[in-house]
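**Student:** Return a 3D structure for these sequence lines:
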Amino acid sequence: MSASLSFSSQAQAVSGIQFDMTSDAALSFGVLPGVQIGASAKVLYTSTLPGGGLRVVIVGMNQGVIADGELLRPLVSVDPNATPGTAQIRIGNVVATDPTGTALALPPVSGTVQIIAGSFTQSFVAGGIVNAASLLAGPISPGEIVTIFGGAGLSGTTDVQFNGVHAPILYAGPGQVNAVVPLGLDPSKPATLEIFAAGLSLGMVTPLSTAAVSPALFTQDSDGVGPGAILNQDSTLNSPSNPASAGSIIMVYGTGFGPLNPPATDGQPATGQANTQMAVTATVGGIQGDVIYAGAAPGLIAGAVQINVRVPHNLAPTPAAIVLLSVGSVTAPAGVTVSTQ
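**Tutor:** Numbering: from 1, shown residues only. Sure, this is the predicted structure:
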């Protein structure tokens, strides 16, 4: 199941935070970034604790504060052999700092999961169907690469269908499937999703909201925030040690940017350029950047897009300039950065 972990600063200016998450043996969990991580241009880091659980660190290359609201989205699985009752997820060893690095006090918290007897046949829910680039839930769009989170049974997935139409599967493993929404999906109507393993349905999600576009940008850590999966003009990976020059062109990669002209083919890699039908605009570090090209990413499967943007000439050097791309009137989630010099 998908849950939401909200953050309250208690009227303090919190710029960075670290804590440990542990749970009872009946539960296992992972975490996805919440909207406030991207909105504050922070990055989510996790590491496994020796005794089980996760250490979570949320920091950024800025002195901005983390606003109150959704901080994380835990994905929780229950052991099928667990005894009915309650199980806890605990958050402890909380350490926070203000923009100057001064330590702040935040209390530990805990939450409970109610375990009930009975069989569970649906191994995924609408909240666990997210954009593969941003890892945020929302309406699905034609050609969008999505990640579906659920039970361990997803590793045997052999077929993913949206409105009965087979979707290209990019990955199927324990608790996760990556697929591409069929390009022919009608965004004016709600959709259904059904997943099959060995010819048997794992369950259906309906209705799913849809939209013509649902843009998001891929990141180097694949968690939707932080340094983008961005290439410099010489096709090397952008990083603080390899920044892009002002006036140069960067190549940004994303998904959910809508139909192309000429149209793409489900499950096939792009062999050449094909422009997005809707106009794409960009800002880098809050300054308008020229979009040189927006469309198919040659060599990558239909659904992945490449946007070439000229870094503004008047952008000051920074290790983490926010990149915002919009297709039509819809803007990709904030939190993706590029390093410039």
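**Student:** Could you use CA atoms for every contact and neighbour count after this?
**Tutor:** OK.
**Student:** so what strands line up beside whichever strand in the chain runs longest?
**Tutor:** Criterion DSSP state E: the longest strand present in the chain is strand 85-97. With DSSP bridges as the test, strand 85-97 is paired with strand 16-23 (antiparallel), strand 103-104 (antiparallel), strand 109-115 (antiparallel).
**Student:** Any idea which of the ones you listed gets closest to Ala41?
**Tutor:** Closest to Ala41 of these is strand 16-23 (CA to CA; 11.1 Å).
**Student:** The helix or strand following that closest one - contacts with which helices or strands?
**Tutor:** The helix or strand immediately downstream of strand 16-23 is strand 27-33, counting by DSSP states H and E. With contacts taken as 3 or more CA pairs under 8 Å, 6 or more residues apart in numbering; DSSP states H and E, strand 27-33 sits against strand 69-78.
**Student:** Other residues contacting the strand it packs on?
**Tutor:** The set of residues external to strand 69-78 that reach it, using CA atoms under 8 Å, 6 or more residues apart in numbering, is 1-8, 26-37, 115, 128, 149-151.
**Student:** follow-up on the earlier one: using CSV, lay out the strands paired with strand 85-97 together with mean pLDDT and distance to Thr48.
**Tutor:** CSV is the format used below for the strands paired with strand 85-97 (pLDDT from 0 to 100; distance: least, CA to CA, whole Å):
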stretch, mean pLDDT, distance to Thr48
strand 16-23, 94, 9
strand 103-104, 92, 24
strand 109-115, 74, 19
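**Student:** Might you list the low-confidence residue ranges for the stretch 101-250 of the chain?
**Tutor:** Flagging of the stretch 101-250 of the chain using pLDDT under 70 yields the residue ranges 116-126, 151-153.
**Student:** Try it again at 90.
**Tutor:** Low-confidence segments of the stretch 101-250 of the chain (pLDDT under 90): 105-128, 136-137, 149-157, 173-176, 197-207, 223.
**Student:** Show me where it has its helices.
**Tutor:** In the stretch 101-250 of the chain, no helices are defined using DSSP state H, counting those that start in this stretch.
**Student:** Could you pull out the strands in it for me?
**Tutor:** 103-104, 109-115, 124-131, 145-150, 157-162, 165-166, 169-173, 176-180, 191-197, 200-208, 216-217, 226-227, 230-231, 249-255 (DSSP state E, counting those that start in this stretch).
**Student:** rewinding a little: okay, buried residues for the longest strand of the chain please.
**Tutor:** 87-92, 94-97 (16 or more other CA atoms under 10 Å).
**Student:** and this protein, what are its domains?
**Tutor:** Here the domain parsing of the chain from automatic domain parsing is 5-115, 124-208, 216-340.
**Student:** which ones are touching Ser141?
**Tutor:** Counting by CA under 8 Å, 6+ apart, Ser141 makes contact with 181, 185, 187, 210-214, 256, 258.
**Student:** mind redoing it with 6 Å?
**Tutor:** Ser141 is in contact with 210-214, counting by CA atoms under 6 Å, 6 or more residues apart in numbering.
**Student:** Next up, the contacts around the residue nearest to Gly156 when sequence neighbours are not counted.
**Tutor:** Using CA to CA, 6 or more residues apart in numbering and skipping the chain neighbours, the partner closest in space to Gly156 is Ala197 (5.3 Å). Taking CA under 6 Å, 6+ apart, we find Ala197 in contact with 156-158.
**Student:** Gly64 too?
**Tutor:** Ser15 are the contacts of Gly64 under CA under 6 Å, 6+ apart.
**Student:** gap between the residue nearest to Thr86 when sequence neighbours are not counted and Ala191?
**Tutor:** Closest residue to Thr86 apart from its sequence neighbours, by CA to CA, 6+ apart: Gln114 at 4.6 Å. Gln114 sits 30 Å away from Ala191 when distances are taken as CA to CA, to the nearest Å.
**Student:** picking that back up, give me the neighbour count for the residue nearest to Thr86.
**Tutor:** The number of residues packed near Gln114 is 10, by other CA atoms under 10 Å.
**Student:** Test my guess that it contacts Ile89.
**Tutor:** No: Gln114 sits out of contact with Ile89 when judged by CA atoms under 6 Å, with a separation of 11.4 Å.
**Student:** What backbone torsions are found at Ile37?
**Tutor:** Per-residue torsions, Ile37: phi -70, psi -50 (degrees, to the nearest 10).
**Student:** er, Gln36 actually
**Tutor:** phi -70, psi -20.
**Student:** how close does it get to Leu49?
**Tutor:** Per CA to CA, Gln36 is found 25 Å from Leu49.
**Student:** still on that earlier bit, out of the strands paired with strand 85-97, which one sits most buried?
**Tutor:** Highest mean neighbour count of the strands paired with strand 85-97: strand 16-23, a mean of 20 (counted as mean count of other CA atoms under 10 Å).
**Student:** Run the angle between that one and strand 27-33 for me.
**Tutor:** Going by axes from the mean of the first three to the mean of the last three CA atoms, to 10 degrees, strand 16-23 is angled at 160 degrees with respect to strand 27-33.
**Student:** Check the offset of strand 16-23 from the chain's centre.
**Tutor:** 20 Å (CA atoms, centre = their mean, to the nearest Å).
**Student:** what's the closest non-adjacent residue to Gly199?
**Tutor:** Nearest residue to Gly199, sequence neighbours excluded (CA to CA, 6+ apart): Thr158, at 7.6 Å.
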